[in-house]
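Colleague: Here you go, sequence then predicted model.
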Amino acid sequence: MSEQTDDAEKTEDPTQKKLDDALKKGDVAKSQEVSTWFAMLGTGLVVAMLAPSAADGLHDALRGYLVHAHDIPVDGPALGELWQDTGTRLAAILALPLLLLLAMALIGNMIQHNLVWSAERMKPKLNKISPLAGFKRLFSSESLVNFAKGLVKIAVVSGVMVAVLWPHRAEIDTMIFRETGVLLEETRELILQLIAAILAVMTVVAALDYLYQRNKWFEKQKMTQREVKEEYKQTEGDPLVKGKIRQLRMERSRKRMMAAVPEATVVVTNPTHYAVALKYEQGMQAPICVAKGTDQIALKIREIARDNEVPVIENPPLARALHALLDIDQEVPEEQYRAVAEVIGFVYRMRERGSWRG
């Protein structure tokens with residue numbers, strides 16, 4: 001009951017992190033019917049392209065044992081050499097067909113998902129050996145669905161085999177009387193017809209089963225709203241903590257900015273809503289912004305400037321433009337060179353006359 005309740009609460013699509021974690025654990029969408037389809041295709045390719053050459057190779061390799069059976073020593077070390085020689089020759093003949101079947105098996109898995117190397121499925125778990133858990137799995141809805149799919153697949157494949165072989169029933173009855181070469185060739189042709197027909201049916205079965213397994217896996221990965229929130233906290237951090245950290249950083253930045261105001265050359269104001277403190281020294285390419293702010297911060301900048309006898313110049317258009325264009329420690333842009341130069345030049349002239357009051 002609790003599992004059904006949990007599943008009902010899983011209304012949110014899985015996050016990318018949830019999907020990545022599932023992949024690391026080897027939990028991926030996989031249809032056994034797709035793997036079976038590729039295995040069947042590999043068998044068809046082996047029979048169609050490699051069976052004749054493999055049969056000829058086996059014929060040549062084993063014929064000598066039958067023809068010269070009485071001359072082959074099988075005592076002592078000779079028996080070991082015989083097995084080694086036979087095994088080597090058989091491996092060389094069957095290597096290519098086996099490699100093709102292995103490749104098709106890998107393709108059948110890789111086409112559904114990337115290769116996954118995970119030991120998670122190999123870890124011992126109590127529920128795997130629990131009789132109660134095994135009983136529940138045996139009579140679960142998933143087991144019943146798989147049982148029904150198996151019956152349908154057996155019925156369909158059996159029907160296809162009967163439909164292919166029935167027109168050849170007379171030929172099959174007389175095959176035993178044919179020469180070996182003719183018998184093998186006719187058998188090969190019948191097997192290829194069977195595989196082609198089964199592949200045609202299995203294509204539909206594999207496609208439907210893959211869609212079913214993919215949808216079932218995706219539903220399994222869905223999350224509750226609480227899980228989404230917990231994951232967000234783990235990956236992005238608690239919003240309250242992040243807000244507190246952001247506030248502390250802003251306070252530190254503001255303190256550093258206010259500490260730079262006494263070293264400014266001039267403060268350009270709105271006069272009440274904006275304040276931008278500029279610093280210029282001999283050798284600088286252009287003045288730089290050491291502090292800026294609006295409203296209460298602007299008021300604080302003006303107070304610190306006056307307390308430290310830093311000139312405060314009211315120029316509303318320039319103050320608004322500099323506040324919008326500049327960040328802290330950024331140089332004044334070229335389009336504002338002239339206006340800023342006039343302000344700084346005015347400050348220098350007033351200082352030379354000794355008439356400036358901060």
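Modeller: Noted; the coordinates are in hand.
Colleague: pLDDT below threshold where in the stretch 151-300 of the chain?
Modeller: Scanning the stretch 151-300 of the chain for pLDDT under 70 picks out the ranges 180, 234-242.
Colleague: Show me where it has its helices.
Modeller: In the stretch 151-300 of the chain, the helices defined using DSSP state H, counting those that start in this stretch lie at 169-174, 180-221, 225-236, 239-260, 295-307.
Colleague: Kindly report the same for the stretch 1-150 of the chain.
Modeller: Going by DSSP H, counting those that start in this stretch, the stretch 1-150 of the chain shows helices at 2-9, 16-24, 32-45, 51-67, 77-110, 126-129, 131-138, 141-165.
Colleague: so can I have TSV of those helices showing mean neighbour count and distance to Leu326?
Modeller: To be clear about C-beta, it is placed using only N, CA and C from the backbone, and glycine gets the same treatment. Listed next are those as TSV, based on neighbours: other C-beta atoms under 10 Å; distance: least, C-beta to C-beta, whole Å:
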stretch	mean neighbour count	distance to Leu326
helix 2-9	9	51
helix 16-24	14	38
helix 32-45	19	61
helix 51-67	13	79
helix 77-110	13	55
helix 126-129	9	63
helix 131-138	11	67
helix 141-165	12	64
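Colleague: TSV for these, including distance to Val228?
Modeller: As requested, the helices of the stretch 1-150 of the chain are arranged in TSV below (distance: least, C-beta to C-beta, whole Å):
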stretch	distance to Val228
helix 2-9	11
helix 16-24	9
helix 32-45	31
helix 51-67	55
helix 77-110	31
helix 126-129	26
helix 131-138	29
helix 141-165	26
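Colleague: Please identify which of the ones you listed is closest to Ala286.
Modeller: For Ala286, the closest of the helices of the stretch 1-150 of the chain is helix 16-24, at 44.9 Å, according to C-beta to C-beta.
Colleague: If I take that closest one and helix 225-236, what angle do their directions form?
Modeller: 90 degrees (axes from the mean of the first three to the mean of the last three C-alpha atoms, to 10 degrees).
Colleague: Kindly format the C-alpha coordinates of helix 16-24 as PDB.
Modeller: C-alpha atoms of helix 16-24 as PDB (Å, rounded to 0.1, in the frame of the first residue of the first chain):
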ATOM      1  CA  GLN A  16      18.900  15.200 -15.300                       C
ATOM      2  CA  LYS A  17      20.700  14.300 -12.000                       C
ATOM      3  CA  LYS A  18      18.100  11.600 -11.300                       C
ATOM      4  CA  LEU A  19      18.600  10.100 -14.800                       C
ATOM      5  CA  ASP A  20      22.400  10.300 -14.500                       C
ATOM      6  CA  ASP A  21      22.300   8.500 -11.100                       C
ATOM      7  CA  ALA A  22      20.100   5.800 -12.500                       C
ATOM      8  CA  LEU A  23      22.500   5.300 -15.400                       C
ATOM      9  CA  LYS A  24      25.500   5.000 -13.000                       C
END
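Colleague: re the thing from before, ok, which of the helices of the stretch 1-150 of the chain comes nearest Ile301?
Modeller: The nearest among the helices of the stretch 1-150 of the chain, by C-beta to C-beta, is helix 16-24 at 43.8 Å.
Colleague: just to revisit the earlier point, which one, of the helices of the stretch 1-150 of the chain, ends up nearest to Arg254?
Modeller: helix 16-24 (35.1 Å).
Colleague: neighbours of Arg178, just the number please.
Modeller: For Arg178, the neighbour count with other C-beta atoms under 10 Å is 14.
Colleague: Run through the residues that contact the nearest residue to it once chain neighbours are set aside.
Modeller: Distance criterion C-beta to C-beta, 6 or more residues apart in numbering; nearest residue to Arg178, sequence neighbours excluded, is Glu186 at 7.1 Å. Residues in contact with Glu186, defined by C-beta atoms under 8 Å, 6 or more residues apart in numbering, are Glu171, Met175, Arg178.
Colleague: how about the residues you listed in JSON lines, adding distance to Gly108?
Modeller: Formatted as JSON lines, the contacts of Glu186 follow (distance: C-beta to C-beta, whole Å):
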{"residue": "Glu171", "distance to Gly108": "33"}
{"residue": "Met175", "distance to Gly108": "33"}
{"residue": "Arg178", "distance to Gly108": "36"}
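Colleague: so what's the nearest residue to Leu96 once chain neighbours are set aside up against?
Modeller: Leaving aside its sequence neighbours, Leu96 sits nearest to Leu50 (C-beta to C-beta, 6+ apart; 6.0 Å). By C-beta under 8 Å, 6+ apart, Leu50 lies in contact with Leu96, Pro97, Leu100.
Colleague: related to what we said a few turns ago, nearest to Pro271, of the helices of the stretch 151-300 of the chain?
Modeller: Short answer: helix 295-307, nearest of the helices of the stretch 151-300 of the chain by C-beta to C-beta, at 8.1 Å.
Colleague: Contacts for the closest one next, please.
Modeller: With C-beta under 8 Å, 6+ apart, helix 295-307 has contacts from 254, 258, 261-262, 264, 267, 269-270, 272-275, 277, 291-293, 310-312, 358.
Colleague: tilt between that helix and helix 239-260?
Modeller: Going by the same axes, to 10 degrees, helix 295-307 makes 20 degrees with helix 239-260.
Colleague: right, so the helices of the stretch 151-300 of the chain: which one is the most enclosed?
Modeller: The highest mean neighbour count among these, using mean count of other C-beta atoms under 10 Å, belongs to helix 295-307: a mean of 17.
Colleague: what are the pairing partners of the following helix or strand past that one, and which direction each?
Modeller: Proceeding N to C from helix 295-307, the next assigned helix or strand is strand 312-314, under DSSP states H and E. Taking DSSP bridges as the criterion, strand 312-314 forms sheet pairs with strand 266-269 (parallel).
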